[in-house]
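Peer 1: okay, here's the prediction I keep looking at, along with the sequence it came from:
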Amino acid sequence: MSSPRYISLWFPYFGAERVQRIFKFEKNHKLAIIENNGNTQTLSSVSFGAHNSGLNIGQPLQDAKAICPELMTRVRSVKCELTFLHALCRWYTQFTPWVAADNYDGVILNIKGCAHLFGGEEGMLDLIVSRTETFGLTVTSGVADTVGGAWALARFTPKPTESYLKSNSIDQEARATRSRATKKIQIDDTKQQVTQLLKNNAIRIAPAGNTYNSLAKLPIASLRIENKIVTKLNQLGLKSVKDLLKQPRAPLARRFGPTLIARLDQALGHVPETISPITDKKHFGVRISFPEPIGLIEDIKNAIEKLLIRLCNKLKTAVLGFQELKIDLGFSNNETQSLLVSLACFTNDPERIFSVLLLKLDEIKPNFGIDIIRLEAINVGPITQSQSINNLDLHEKVIKNQNNVLKNLITRLGTKVGLDAIIRHIPAQSHIPEKSWQVLNAAWSNYDMKSWPTSNRNRPSFLWPPEALEVPKHSRLEDHFIWRKKLYQVKTKLGPERIAPEWWIEDNNWRSGVRDYWQVRCNDGEFLWLFYAHGAQLPGGWFCHGKFG
């Protein structure tokens, strides 16, 4: 069984060249992409021209401006860079289905069993590099048996043109010998050889089973380890991968951590390393175009209903449902309108969804007529068995299900007031009255109200922040008290029930100490929940905390 083979593609000027593509700048244009790093703006990417001017990634913007005053800058957009990189990954799937993004500036391809389709590894790599360069991207590449090996070759193999030009430059000779020096090759052969080297400049291939020899002379930084570890190793005289392999593994692991050994083993193939290929996010959308603009509400309803049935059939085939539906309307005057419908649960039932859509149709203003209607399922996810039961023609059983009825109600209310405005209470683990429940969004939470824990202690139906009573400041409850500037006569009272604060939590509302609660019924029918705070960090007294129903 043949060993896997990987291609690593590295785009050294990726962020800058993405912007250069948009604005059609020349390759030598001096451009830098900046990002905030603490209180300092630093360069996250530089163009080819800026790099040749002495600018590097990570350099402070002020220093870069001092070196290159004509530098043009743009603010970094990580989202746009990732979107562009993932688009490249999808494009590379024409060569192999196993393609993965490598950080923010690289791509990894597993080409096992694919290279022969393109004339071997060299032909395949030459095709990939040449086509990539047509996008205006600078790319270097490496091929090896391991991900780490290919990564190292793509980033740290010396360029053939650089070594060739340096070795044949008369400027490298001493002053006294320049006049007597002769070129190592004939001038006539220079152009042809440089052209050939430029053609193969980005191709670095480690023969199968020979990854060690290809990596041995590379610097230690090619092992994908932190810069501070590289610096320490260099200070010890360890410059290359070969130098590192000569050292005992145990002392290296103790001093520099297990990551160093793990990266070394991954690069040499002693420890397996795989890639996770990108997967296209499934898109569910349908559209319809009209030969003549429509404006009647009945025509709009019929069109949306037909589109909704088509969309739900796609989702049923994939055993999926959606929770958000986007409706895009294109008018004949080139204006657009978008409506967003949110549901309380994932569903693919067109009848149920259409009844909710009808509540949104009054927002459509087809002044000049509608040319295009498009429906797109935004939040797509799996549906439970109880939700998909409609697929078995048991729709009436679903309607009778109490849980679905509640979700339908939440959906219809949410269409008018917004799903975020509908809340529900669920029990919480606390003996403090105001902490005995949690408030959650009703649409995004699921709790069986029948499982609410029962208690033998009577609790009020309404709670509010404690309000002080006008009574003598002692622990005995009088026969009358004043609350909210009204005199109340005590008819019956039940208590006390002592509740202590949670000592492990600092709660400002309980700084008045332990409370003794009383259930007090007044002559006028009010049934109140009063307590006496014994005082602690704050003085105590009598307070009203709630009201029984």
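Peer 2: Great, that's in hand. Residues are numbered from 1 along each chain as shown.

Peer 1: low-confidence ranges, the stretch 301-450 of the chain, go.
Peer 2: Applying pLDDT under 70 to the stretch 301-450 of the chain flags the ranges 384-405, 408, 412, 415-416, 444, 446-450.

Peer 1: all helices of it, in order?
Peer 2: Here the stretch 301-450 of the chain has its helices, by DSSP state H, counting those that start in this stretch, at 350-357, 395-400, 402-417.

Peer 1: surely Ser214 and Asp145 touch.
Peer 2: No: Ser214 is not in contact with Asp145 according to Cβ atoms under 8 Å; the separation is 9.6 Å. C-beta here means a position set from N, CA and C on the backbone, and glycine is covered the same way.

Peer 1: any shared contact partners between those two?
Peer 2: Jointly contacting Ser214 and Asp145 under the rule Cβ atoms under 8 Å, 6 or more residues apart in numbering are Ala206.

Peer 1: now the strand ranked longest in the chain: buried residues?
Peer 2: Scanning the chain for the strand with the most residues, using DSSP state E, yields strand 486-499. Using 16 or more other Cβ atoms under 10 Å as the test for burial, strand 486-499 gives 488, 490, 496.

Peer 1: what's the closest non-adjacent residue to the second one?
Peer 2: Right, the one you point to is Val490. Asp479 (5.1 Å; Cβ to Cβ, 6 or more residues apart in numbering).

Peer 1: show me the shaky parts of the stretch 1-150 of the chain.
Peer 2: 1-2.

Peer 1: surely Lys30 and Lys65 touch.
Peer 2: No: applying Cβ under 8 Å as the test, Lys30 and Lys65 come out as separate, 11.0 Å apart.

Peer 1: neighbour count: these two, which is higher?
Peer 2: Neighbours of Lys30 and Lys65, each counted by other Cβ atoms under 10 Å, are more numerous for Lys30; the result is 23 against 14.

Peer 1: who's in contact with Arg515?
Peer 2: Residues in contact with Arg515 (Cβ under 8 Å, 6+ apart) are 498-500, 531-534.

Peer 1: looking at those, which two lie furthest apart in space?
Peer 2: Ala500 and Tyr532 (13.4 Å; Cβ to Cβ).

Peer 1: more neighbours: which of the two?
Peer 2: Tyr532 (25 against 12).

Peer 1: can you confirm the more buried one is in a strand?
Peer 2: Yes: assessed with DSSP: H, G, I helix; E, B strand; the rest coil, Tyr532 lies in a strand.

Peer 1: residues touching Ala443, list them.
Peer 2: 342-345, 410-411, 414, 419, 422.

Peer 1: what do you get for Leu406?
Peer 2: Listed by Cβ under 8 Å, 6+ apart, Leu406 has no contact partners.

Peer 1: going forward, count from 35.
Peer 2: Done: numbering now begins at 35, and the last item shifts to Leu440.

Peer 1: against Ser81, how distant is it?
Peer 2: The spacing between Leu440 and Ser81, counted by Cβ to Cβ, to the nearest Å, is 58 Å.

Peer 1: okay, now the closest residue in space to Ile516 that isn't next to it in sequence: neighbour count?
Peer 2: Nearest non-adjacent residue to Ile516, counting by Cβ to Cβ, 6+ apart: Glu504, 3.8 Å away. The local packing of Glu504 (other Cβ under 10 Å) involves 12 other residues.

Peer 1: again with Trp537
Peer 2: Here the number of neighbours of Trp537 (other Cβ under 10 Å) works out to 8.

Peer 1: thinking again about what came up before, other SSEs contacting the longest strand of the chain?
Peer 2: Contacts defined by 3 or more Cβ pairs under 8 Å, 6 or more residues apart in numbering; DSSP states H and E place strand 520-533 against strand 514-517, strand 549-556, strand 561-567.

Peer 1: and the angle from it to strand 549-556?
Peer 2: Following axes from the mean of the first three to the mean of the last three Cα atoms, to 10 degrees, one obtains 140 degrees for the angle between strand 520-533 and strand 549-556.

Peer 1: just give me how far strand 520-533 sits from the chain centre.
Peer 2: In terms of Cα atoms, centre = their mean, to the nearest Å, the centre of strand 520-533 is set 55 Å apart from its chain centre.

Peer 1: for it, the averaged confidence score.
Peer 2: Model confidence over strand 520-533, given as mean pLDDT, is 91.

Peer 1: hang on, Ala462 packs against Leu474?
Peer 2: No: the criterion here is Cβ under 8 Å, and Ala462 misses it with Leu474 at 10.5 Å.

Peer 1: more crowded one of these two?
Peer 2: Per other Cβ under 10 Å, whichever of Ala462 and Leu474 has more neighbours is Leu474, with 14 against 11.

Peer 1: show me what contacts that one?
Peer 2: Contacts of Leu474 (Cβ under 8 Å, 6+ apart): 457-460, 481.
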